[in-house]
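Asker: this one's sequence-less:
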């Protein structure tokens, strides 16, 4: 009986427990009757039944319903059943009681599992010197270092011009150096000749690389390179290299119950890039290969309190405009020392028709949208393009996209 009440107190919220509580109480009383009936002669059965009725009558006068014995208060219908069982002296099986106990144990176990289903056991520890060295070397690899040259909390908004600046370890030497491919680049840009080095990457290679490194595809990023649909190639002209070496100075790893590892590490640029300060990166994986989740520098941009002003449009839906705004907000973390205050759609007629056509043609895009914003500049590292402790109002952003795809920032300024 005590066990019944304890289970009821702990799982009072479960209606099945209440049903089991009352059913087991009935079975307990029937079992007691059977046990007594086995110990007395047939002539005493009538006296035992009369005794039960007298106890019920006395309990009702005392209005005492809470007891830790047979409760004697389950109603006239059940008492009639008990008296008939006693008078018939039928040996009832204890199977019902056993099944009830088993049911309560099973329900209790299920409730325990349900309450603990959301509990995930994790283990967090600091990285060893060997692990720090290994991650530093991995981050300095040509495939990876470009991911740590910008600030972002979502890998879709990393600076992929930096990531692919010199090819990210992909093959840039085969058929791309042909005369036809070079002429295609000049046709796209309108230039008369190629003045510096060009990184040329195949779209399918970029897509496979992105899926391996950050779990997204080429259609998810804002790559602003020239694209040739004829050759399925991206072109980027540059004059130097952005190669960089990192030291992993500290970090920790959290291992969940499934064995998945999440790393939080601090990477410090070395040599000519020491002035950038350190960044905090999050990685997922194990061994010598990781998926890159985020990278944030100490003096990154801030968007926490930005105000998004609604502007009606007959050209774009609210969802289209919000998607463009989210693209700017997602990339603003890389604007070191700046705080985005306000951003909104510039209006349907702001960008002149010739400007729209120029941007659409240059970036092979179907749609062009312009946003206005204002942001504050705090303390900045020298040298900087910003005036320290100042506000920039009316700063515009030009974004393009193809067939309702992802917006890409292709220009900004006054």
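Answerer: Happy to help now that I have it. Worth saying up front: this structure is predicted, and the values here are computed from it rather than measured. Numbers count the residues shown, from 1 in each chain.

Asker: could you use CA atoms for every contact and neighbour count after this?
Answerer: Fine.

Asker: so residue 360 sits against residue 366, correct?
Answerer: Yes: the pair residue 360 / residue 366 is scored as a contact, 6.1 Å apart, by Cα atoms under 8 Å.

Asker: what residues are shared contacts of these two?
Answerer: Counting by Cα atoms under 8 Å, 6 or more residues apart in numbering, the shared contacts of residue 360 and residue 366 are residue 400.

Asker: how about low-confidence regions in the stretch 201-350 of the chain?
Answerer: 272-275, 286-287, 350 (pLDDT under 70).

Asker: switch the cut-off to 80
Answerer: Counting by pLDDT under 80, the stretch 201-350 of the chain has low-confidence residues at 222, 238-242, 257-258, 271-276, 286-288, 349-350.

Asker: please enumerate the strands of it.
Answerer: For the stretch 201-350 of the chain, applying DSSP state E, counting those that start in this stretch gives strands covering 226-228, 233-238, 246-255, 261-269, 279-286, 289-297, 307-309, 338-345.

Asker: now for the second one, which elements pack on it?
Answerer: Packed against strand 233-238, as judged by 3 or more Cα pairs under 8 Å, 6 or more residues apart in numbering; DSSP states H and E, are the following elements: strand 197-202, strand 226-228.

Asker: can you do 10 Å?
Answerer: helix 179-189, strand 197-202, helix 203-213, strand 226-228 (3 or more Cα pairs under 10 Å, 6 or more residues apart in numbering; DSSP states H and E).

Asker: now render those as a markdown table, adding mean neighbour count.
Answerer: Shown next, in a markdown table, are the helices and strands packed on strand 233-238 (neighbours: other Cα atoms under 10 Å):
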| stretch | mean neighbour count |
| --- | --- |
| helix 179-189 | 15 |
| strand 197-202 | 20 |
| helix 203-213 | 16 |
| strand 226-228 | 20 |
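
Asker: among those, which comes closest to residue 407?
Answerer: Closest approach to residue 407 among the helices and strands packed on strand 233-238 (Cα to Cα): strand 226-228, 15.3 Å.

Asker: residue 147 looks like it's in a helix, true?
Answerer: Yes: judged by DSSP: H, G, I helix; E, B strand; the rest coil, residue 147 forms part of a helix.

Asker: closest one to residue 302 among the helices and strands packed on strand 233-238?
Answerer: Closest to residue 302 of those is helix 203-213 (Cα to Cα; 25.7 Å).

Asker: relative to residue 376, how far out is residue 202?
Answerer: 39 Å (Cα to Cα, to the nearest Å).

Asker: out of the strands of the stretch 201-350 of the chain, nearest to residue 140?
Answerer: From the strands of the stretch 201-350 of the chain, taking Cα to Cα, the stretch that ends up closest is strand 246-255, at 5.5 Å.

Asker: residues of that closest one that come out buried?
Answerer: When burial is assessed from 16 or more other Cα atoms under 10 Å, strand 246-255 yields the following buried residues: 246, 247, 248, 249, 250, 251, 252, 253, 254.

Asker: now swap in stretch 134-144 and tell me
Answerer: Under 16+ other Cα under 10 Å, the buried positions of stretch 134-144 are 135, 136, 137, 138, 139, 140, 141, 142, 143, 144.

Asker: could you dump those to TSV with secondary structure?
Answerer: As requested, the buried residues of stretch 134-144 are arranged in TSV below (three-state DSSP):
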residue	secondary structure
135	helix
136	helix
137	helix
138	helix
139	helix
140	coil
141	coil
142	coil
143	coil
144	coil
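
Asker: format those residues as CSV; extra columns: distance to residue 188 and pLDDT.
Answerer: Below are those laid out as CSV (distance: Cα to Cα, whole Å; pLDDT from 0 to 100):
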residue, distance to residue 188, pLDDT
135, 40, 94
136, 39, 94
137, 38, 94
138, 36, 94
139, 34, 94
140, 33, 93
141, 32, 93
142, 28, 92
143, 27, 93
144, 29, 94
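
Asker: so which strand or helix has the closest residue to residue 370 other than its chain neighbours?
Answerer: Once flanking residues are discounted, residue 370 sits nearest to residue 398: 4.7 Å by Cα to Cα, 6 or more residues apart in numbering. Element membership for residue 398 (DSSP states H and E) is strand 390-401.

Asker: quick one, that strand and strand 338-345 angle?
Answerer: Angle, strand 390-401 to strand 338-345, by axes from the mean of the first three to the mean of the last three Cα atoms, to 10 degrees: 50 degrees.

Asker: same question for the helix or strand just after strand 390-401, mean pLDDT?
Answerer: For strand 390-401, the succeeding helix or strand toward the C-terminus, using DSSP H and E, is strand 408-413. Averaging pLDDT along strand 408-413 gives 90.

Asker: partners of strand 408-413, with directions?
Answerer: The pairing partners recorded for strand 408-413 under DSSP bridges are strand 390-401 (antiparallel).

Asker: give the buried residues for the partner strand.
Answerer: 391, 392, 396, 397, 398, 399, 400, 401.

Asker: what bridges to the third one?
Answerer: Going by DSSP bridges, residue 396 is paired in beta bridges with residue 372, residue 413.

Asker: again, but for the last one
Answerer: Listed by DSSP bridges, the beta-bridge partners for residue 401 are residue 367.

Asker: out of the strands of the stretch 201-350 of the chain, which is closest to residue 167?
Answerer: Smallest distance to residue 167 across the strands of the stretch 201-350 of the chain (Cα to Cα): 9.6 Å, for strand 233-238.

Asker: so, low pLDDT: which residues of the stretch 1-150 of the chain?
Answerer: In the stretch 1-150 of the chain, residues with pLDDT under 80: 1-122.

Asker: reformat the buried residues of stretch 134-144 as CSV; add distance to residue 298.
Answerer: Listed next are the buried residues of stretch 134-144 as CSV, based on distance: Cα to Cα, whole Å:
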residue, distance to residue 298
135, 20
136, 18
137, 21
138, 21
139, 18
140, 19
141, 22
142, 23
143, 23
144, 20
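
Asker: fine by me, thanks again.
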